[in-house]
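**Q** Model the structure of this input:
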Amino acid sequence: MDQNIFGDLKVLSSIPVLSGAQTLILALVQSSSAALFIYSIESLKSIAFQNAIKIVPELEVRIGKNSLIRIFRQQYNVKNNDNSDTAWLNQYQKERFIKKSLNSLNYPQLDNPFIQSNLCMATSDVKKIKRAYLAKELRKNYKSVTDYSNFKIFCGTWNVAGEPAAESLKPWLYDGQVASPDLYVLGFQEVDLSTEAYLMYDPLKEQEWSAAVERALILHREKYVKIASKQLVGMLILVYAPVKNVGIIQDISAESIATGILGVMGNKGAVGVRLRILDSYYSFVNCHLAADANMTEKRNQDYQYISKKLVYPIQTRFEDSVDYQQQNPWVATFLDTSPLLNGQPVVENTPLATGTASKMLSVFECDHLVWMGDLNYRINNNEAQVKELISNQNLEKLLAYDQLNIERNGKRVFTGFEEAPITFNPTYKYDFGTSVYDTSEKKRCPSWCDRILWLKNPLHLDDPDWIKCTSYTSCDQIKLSDHKPVSATFDTKIRKINQAKLDALSFEITREMDRLENEAIPTLALDTTQLEFGNVTPFAPVTKKFTFTNTGQVIASFALIPKNTQEALLKPWFKVTPIKGAVFPGETIEVNVTISVAAEHIHDLNIGKEPLTDIIIFHIENGNDHFISLNAEWKTSFIGESLDLLCRLLKPCNSYPPEKLQSLTQLPVNSVFNINTLEQALKGVNPLDIQSHNSTPPSEVEGQGLSLPKEVWHIIDFIYKYGIDVDDLFFAPGDDLIVQHMIQCLDQGREFDKELLFLDINDTREFHMTSIQDLQQSQLSTERADVISKSRVVAVHSAVQLLFTFLKSLPVPIIPPELQDRCTEGHTSYTEAKRVIESLPVSNHHIFTYLTSFFNQICKEYQGRGTVTPNSLGKIFLTFAKLFMPIFFRQNASAAPVEAPSISNYLYTKRGS
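**A** As a prediction, the model looks like this:
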């Protein structure tokens, strides 16, 4: 089976990617053969990179993450150091974690509105999120804050066929026995068939029929007043309420929509009224749909069009439709009714709508919706059979041919609506003034054109008392039109919100919402808020670390930020990695903080101008900032200090507190040069005496301090004693760890640990000096390892490197800036070059003479590769000059480039003399 599966992998390139990936996955899962598995990995070449990622989960399970990374890098030429090319794996891991978390039964934030599906805190529109959550919870618990009462409604529809209101409406609107309704809603069609009605509104017809209605309603004990009306050509809707109920009826809106000729004429269409009674919303639609028995589809289209286009403006106290829905969470919305309507209507004022649409409400956004009118659906049967069934009162059989029932059963129209059982005869078409069906030449088939339906509220499907139709009938006594009036009475539940209970519930929901919002705040816990680095010396980096652990429920993104308005994140000697990142819930990330002091900062640290302290501020996106204090103790060092100051230091640099160094720094520079002082200064310390091993460190000269820095003497003494036979002297790098060891020895006044520095390659003794534990592994530049100890070679090169480092760190170079121009003005004679040298400050002159004497001695006695000959002296001095000029002649940015010939001529001439 495996063989067959893997055989299919050969044609992966010709198979759709997903299918090929699935084949490979199947092979990986079922195969137990390592060889076949390797072959399947090779088959990755047949799948495009972006699609190969689809099989990452199975690959990782099978071979592990590291192997997966290696394979993908090989197959898709992903570079090891290119993080962008491995972003796919990070994304996969993130999505896998999210999916695993969301599928976990114990993951509580699934119901947290402030946590997005990508495990990030919701940051945009938090106000809307809170309002939406409050509305959702109020909807779930609205029954606990709601009191209900019954509200009786009378709804009627009648096509008056353009006839005047000459007949009493009492038989239709008042029977003398039923209790007075709390609301009358009456829909008329064809109240005006004149041509002028298409062009302009004439209130006369509304007034005429309103008067007729009022003459009938006056018979009630209750006094009724008209509270709303709307006319569109022949369609008219009138709403009457008892005077006692007028005060509880508010937010009344009346609108219309045309569906007639060319889709815009008002001979067909709908008029509607929307109103609020206490805390319940009612919507009533009176429509007149397309006529003719063969126009069923057009009638369906008219209904759909009205459903979409008949909308009401939102009251000004609401910002938009979303605000309305959130303030009335217990009222059904189009989102609630859409499933019952098979996706219809496609209401255009969705929560994402903007502009005018967002200010409108659908006819379906209410507690009770009643739809009435001349729907014009006919009976699919011939006239004779229909009349026979009517005469036999076999209405149940006749209803099977009713177009509206057929279309509703097919869910093509009025889906989600209910209609009471029809127990009355078809209401159309009669001879005018009679109760006899059409006897004209056309002999139209009787039909139930006039109907009243109501929408089943999707929020109250389990409540049979939410709305009940208590009667549904026609009025045969009225013979004015070729239609009979139809009426339906409803008992509806009307809502009254208990404000005190609502406030209490809202308070509890808000408190829970605050808890959820707090849970959604990214939370990172630190294992420490303080890092202690101990004693710090130049060029000796020290690294400490701390950890962030995400103890929250969302991804926490962090970033290092500056303090206040500072541009720099930290002081220059501190470095933090990483400075930003993201931590998944439950994950821990390690942050490294390294302190390393460069030469340019040493002086300020030596005199106490800058403390080795700082504060790290990690900003957590949407969370609280974290502060980590950094503390270190600086040990004063000779690196970075002036020659004049170092000559004043009779004791090791570490023994001077910062305030003492600062006071010594403020003393005037000794700039008086005296040749006798120079000779005394160099007596006993000239490298010329080293050969006889009689050299001694510099001593104090006439109470002026040391003749030259003792640290320089120790470095050169070491180089001369142990480096005269080392190849590539001055040109090979040293070892940073050994350089650090030497600096520490010089700062503390200790001798270099030669036993350690000259440790033999084969010496197995252990030394507890971790700072140079890798000494033996340093790269060497000699082929005579059998003659010269490799460790000594590295130590000498390290001493040379330290010498260069010291000279580069001088705050004022050996040749001060004010004298550098004189050195580049073409002085070629020994005499003029000598004048420049004699103009140097005392300390600078001493060390310049000392260094040049050392170079001369090296040239005479150097035994390394490339033995010095008289013919090569000029080239060697020129090489030394080029090597040391960038150090001697460190200049301001505005100074001209330094040329070497003048000083090199002086050096060469001095050597020759």
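**Q** what about residue 742, which helix or strand?
**A** For residue 742, the host element (DSSP states H and E) is helix 736-748.
**Q** Packing partners of that helix?
**A** Packed against helix 736-748 by the contact rule (3 or more C-beta pairs under 8 Å, 6 or more residues apart in numbering; DSSP states H and E) you find helix 710-723, helix 754-757, helix 790-809. C-betas here are computed from N, CA, C, even on glycine.
**Q** Confidence-wise, which of the ones you listed is weakest overall?
**A** Lowest mean pLDDT of these: helix 754-757, a mean of 82.
**Q** State the distance from residue 754 to residue 734.
**A** 16 Å (C-beta to C-beta, to the nearest Å).
**Q** Looking only at neighbour counts, state which of those two leads.
**A** Legend: neighbour count by other C-beta atoms under 10 Å for residue 754 and residue 734, higher for residue 734 (22 against 13).
**Q** Let me know the pLDDT of the more buried one.
**A** pLDDT for residue 734: 87.
**Q** Phi and psi next, for it.
**A** Dihedral angles of residue 734 (phi, psi; degrees, to the nearest 10) stand at phi -100, psi -160.
**Q** For it, give me its contacts.
**A** 794-795, 797-802 (C-beta atoms under 8 Å, 6 or more residues apart in numbering).
**Q** Equivalent analysis for residue 133, please.
**A** The contact partners of residue 133, by C-beta under 8 Å, 6+ apart, come to 113, 509, 513, 516.
**Q** where does it land in three-state SS?
**A** The three-state label given to residue 133 by DSSP: H, G, I helix; E, B strand; the rest coil is helix.
**Q** among the contacts of residue 734, who's most crowded?
**A** residue 795 (31 neighbours).
**Q** That residue is in contact with residue 758, isn't it?
**A** Yes: counting by C-beta atoms under 8 Å, residue 758 is a contact partner of residue 795 at 6.8 Å.
**Q** if we take the contacts of residue 734, which one ends up nearest to residue 468?
**A** residue 801 (99.1 Å; C-beta to C-beta).
**Q** distance of the closest residue to that closest one other than its chain neighbours from residue 798?
**A** Counting by C-beta to C-beta, 6 or more residues apart in numbering, residue 734 is the residue found nearest to residue 801 once chain neighbours are left out, at 3.7 Å. Separation of residue 734 from residue 798 (C-beta to C-beta): 3 Å.
**Q** For the spatially most central residue of the chain, which non-adjacent residue is spatially closest?
**A** With distances taken as C-alpha atoms, centre = their mean, the residue of the chain nearest its centroid is residue 120 (7.0 Å). The spatially closest residue to residue 120, leaving aside those adjacent along the chain, is residue 555, at 5.3 Å (C-beta to C-beta, 6+ apart).
**Q** From residue 601, how far out is that neighbour?
**A** From residue 555 to residue 601 the distance is 38 Å (C-beta to C-beta).
**Q** And residue 563, how close does it get to residue 569?
**A** Residue 563 sits 9 Å away from residue 569, going by C-beta to C-beta.
**Q** quick one on the thing from earlier: who's more crowded, residue 555 and residue 601?
**A** Per other C-beta under 10 Å, whichever of residue 555 and residue 601 has more neighbours is residue 555, with 22 against 19.
**Q** where along the stretch 101-250 of the chain do the strands fall?
**A** For the stretch 101-250 of the chain, applying DSSP state E, counting those that start in this stretch gives strands covering 146-159, 183-189, 224-232, 235-242, 249-258.
**Q** deepest of those, which one?
**A** The highest average neighbour count among those, using mean count of other C-beta atoms under 10 Å, belongs to strand 183-189 at a mean of 27.
**Q** where do the helices sit along the stretch 451-600 of the chain?
**A** Under the criterion DSSP state H, counting those that start in this stretch, helices of the stretch 451-600 of the chain are mapped to 499-519, 599-606.
**Q** And those: which comes nearest residue 221?
**A** The closest of the helices of the stretch 451-600 of the chain to residue 221 is helix 499-519. By C-beta to C-beta, the value is 32.4 Å.
**Q** buried residues in that closest one?
**A** 502, 505, 509, 513, 516-517, 519 (16 or more other C-beta atoms under 10 Å).
**Q** so for that helix, what's the average pLDDT?
**A** On average, helix 499-519 scores 91.
**Q** Please state the offset of that helix from the chain centre?
**A** With C-alpha atoms, centre = their mean, to the nearest Å as the basis, helix 499-519 stands 27 Å off its chain's centre.
**Q** Between strand 146-159 and that helix, find me the angle.
**A** Angle of helix 499-519 versus strand 146-159, following axes from the mean of the first three to the mean of the last three C-alpha atoms, to 10 degrees, is 110 degrees.
**Q** got the CA coordinates for helix 499-519 in CSV?
**A** Extracted C-alpha coordinates of helix 499-519, given in CSV (Å, rounded to 0.1, in the frame of the first residue of the first chain):
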residue,chain,number,x,y,z
GLN,A,499,-35.7,50.8,35.0
ALA,A,500,-34.5,50.0,38.5
LYS,A,501,-33.9,46.3,37.6
LEU,A,502,-32.3,47.3,34.3
ASP,A,503,-29.8,49.6,36.1
ALA,A,504,-28.9,46.8,38.5
LEU,A,505,-28.5,44.3,35.7
SER,A,506,-26.4,46.8,33.7
PHE,A,507,-24.2,47.3,36.7
GLU,A,508,-23.5,43.6,37.1
ILE,A,509,-22.8,43.2,33.4
THR,A,510,-20.5,46.2,33.4
ARG,A,511,-18.6,44.8,36.3
GLU,A,512,-18.2,41.5,34.5
MET,A,513,-17.2,43.3,31.4
ASP,A,514,-14.5,45.2,33.3
ARG,A,515,-13.2,41.8,34.5
LEU,A,516,-13.1,40.4,31.0
GLU,A,517,-11.4,43.6,29.8
ASN,A,518,-8.8,43.2,32.5
GLU,A,519,-8.3,39.6,31.5
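**Q** from here on, count from 566
**A** Sure thing, new numbering starts at 566, so read that last one as helix 1064-1084.
**Q** Show me what it is packed up against.
**A** When contacts are defined as 3+ C-beta pairs under 8 Å, 6+ apart, helix 1064-1084 sits against helix 691-705.
**Q** Okay, angle between the helix it packs on and helix 1064-1084 too, please.
**A** Calculated by the same axes, to 10 degrees, helix 691-705 forms an angle of 130 degrees with helix 1064-1084.
**Q** mind listing what's buried in helix 691-705?
**A** Within helix 691-705, the residues that count as buried by 16+ other C-beta under 10 Å are 694-700, 702-704.
**Q** Report the mean confidence score over that helix.
**A** The predicted model gives helix 691-705 an average pLDDT of 85.
**Q** quick one: which of the helices and strands packed on helix 1301-1313 is nearest residue 834?
**A** Nearest to residue 834, of these and by C-beta to C-beta, is helix 1355-1374 at 92.1 Å.
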